[in-house]
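A.B. asks: Mind looking at a prediction? Sequence and model below.
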Amino acid sequence: MKQLSLFDFQRLRNPGPADVAATADGVIAELGLTPPIDTKTVASYLDVSRIREMELEAAGCLICDGRDVSIHVRASDGEPRQRFTIFHECTHIFFRGFEKQPQYRCNPSVMPRRDDHLEAMCDQGASSLLLPEKYLRADLLEADFGMGTLKDVAETYQASLEASGHRIVDLAPYPTLFVVLEVRKKPSERHNLHAEPKLRVRTARGTPDWPYIPEYKSVSVDSPLERALQGEIVHERTTLGELSREYVPNVEVSARVVPYNGHMRVLALYRRNP
Ligand SMILES: [Zn+2]
């Protein structure tokens, strides 16, 4: 695991996500922090004078008035989400020249994105600060596979379940797939009052061993994911089923219903068995 100092990071010509992660690891090592990583300590190390909760449309923004730097976070977000946002804004400060633009309004996501390189790198920094590789990799080596571990990780690191799931995909010692599903309609059915909302994929992210899983893919009524939606704590050997066109046998799934913001949401972790 490479560590970079902020000084060295700011001298890189073309920093990439791995450099951002190494710098986040360097900051945590230099400050001697252990999980849950304290947002205020990291922010003040980066010369942020204050963090304020506000009513915002975006999840957060960084305000530089020429002298002081402050971070604003959306008051209606829960603490785990706010922690991700604060670390995302902190990562903007890693980059030289951030202060030349007076305001960054950004909507940190817990999914790595491809649309905006800088925003994606700041999401990477947020994950690395919130769920540091050094600690989480060691925890996952000792832990059982499944949703119980996902919940423990979220609690230990004070991270959201979704941010924890994505990080488990990055750091678990086995090929993992994390799928978030919600009861929803397809975009083409949005105005069709007769269309029944079904349990459909919202996001899916796995190690490179897994096939592509399209957004809005629905599951059948006899699938383990549908049983999870009905309240069953699912943990069994199965196939990837209809989530992918590719037939993937011999996988282990752990899934639970965890409602969020009034949506019926199912979280599922898969791993391939040798
Ligand atoms: Zn941003």
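C.D. replies: Right, received. Where do you want to start?
A.B. asks: which bits of the stretch 1-150 of the chain sit near the ion?
C.D. replies: Within the stretch 1-150 of the chain, the positions adjacent to the ion are 106, 119, 122 by Cβ under 5 Å from the ion. In this view, the C-beta of every residue, glycine as well, is placed from N, C-alpha and C.
A.B. asks: of all these, which comes closest to the ion?
C.D. replies: Cys106 (2.8 Å; Cβ to the ion).
A.B. asks: Please identify which helix or strand holds Arg202.
C.D. replies: Per DSSP states H and E, Arg202 falls inside strand 198-206.
A.B. asks: and what of Arg167?
C.D. replies: Assigned by DSSP H and E, Arg167 belongs to helix 161-171.
A.B. asks: If we go by neighbour counts, what in that helix is buried?
C.D. replies: Going by neighbour count (16 or more other Cβ atoms under 10 Å), the buried part of helix 161-171 is 161-171.
A.B. asks: Restricting to C-alpha, output that helix in PDB.
C.D. replies: Extracted C-alpha coordinates of helix 161-171, given in PDB (Å, rounded to 0.1, in the frame of the first residue of the first chain):
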ATOM      1  CA  LEU A 161     -24.300   0.900   4.100                       C
ATOM      2  CA  GLU A 162     -23.900   1.800   0.500                       C
ATOM      3  CA  ALA A 163     -20.500   3.400   0.800                       C
ATOM      4  CA  SER A 164     -19.400   0.400   3.000                       C
ATOM      5  CA  GLY A 165     -20.700  -2.100   0.300                       C
ATOM      6  CA  HIS A 166     -18.700  -0.400  -2.500                       C
ATOM      7  CA  ARG A 167     -15.600  -0.400  -0.400                       C
ATOM      8  CA  ILE A 168     -16.000  -4.100   0.500                       C
ATOM      9  CA  VAL A 169     -16.000  -4.800  -3.300                       C
ATOM     10  CA  ASP A 170     -12.700  -2.900  -3.500                       C
ATOM     11  CA  LEU A 171     -11.000  -4.600  -0.500                       C
END
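A.B. asks: Show me the contact partners of it.
C.D. replies: Outside helix 161-171, the residues that touch it by Cβ atoms under 8 Å, 6 or more residues apart in numbering are 80, 84, 110-112, 126-127, 130-131, 133, 136-137, 140, 149-151, 153-154, 157, 159, 176-178, 180, 203, 205-207, 258, 267, 269.
A.B. asks: Same question for stretch 11-28.
C.D. replies: Against stretch 11-28 from outside (Cβ under 8 Å, 6+ apart): 1-6, 9, 37, 42, 45, 91, 94-95, 120-122, 124-125, 128-129, 132-134.
A.B. asks: would you list every one of the helices in this protein?
C.D. replies: 6-9, 17-31, 39-45, 79-94, 117-130, 133-142, 147-157, 161-171, 224-229 (DSSP state H).
A.B. asks: Please convert these to TSV, extending it with mean pLDDT.
C.D. replies: Converted to TSV, those look like this (pLDDT from 0 to 100):
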stretch	mean pLDDT
helix 6-9	95
helix 17-31	97
helix 39-45	98
helix 79-94	95
helix 117-130	94
helix 133-142	97
helix 147-157	98
helix 161-171	97
helix 224-229	97
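A.B. asks: Of all those, which one is nearest Glu196?
C.D. replies: helix 224-229 (13.2 Å; Cβ to Cβ).
A.B. asks: May I see the buried residues of helix 161-171 organised as TSV, with distance to Pro15 added?
C.D. replies: Below are the buried residues of helix 161-171 laid out as TSV (distance: Cβ to Cβ, whole Å):
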residue	distance to Pro15
Leu161	30
Glu162	26
Ala163	22
Ser164	26
Gly165	26
His166	21
Arg167	21
Ile168	25
Val169	23
Asp170	19
Leu171	21
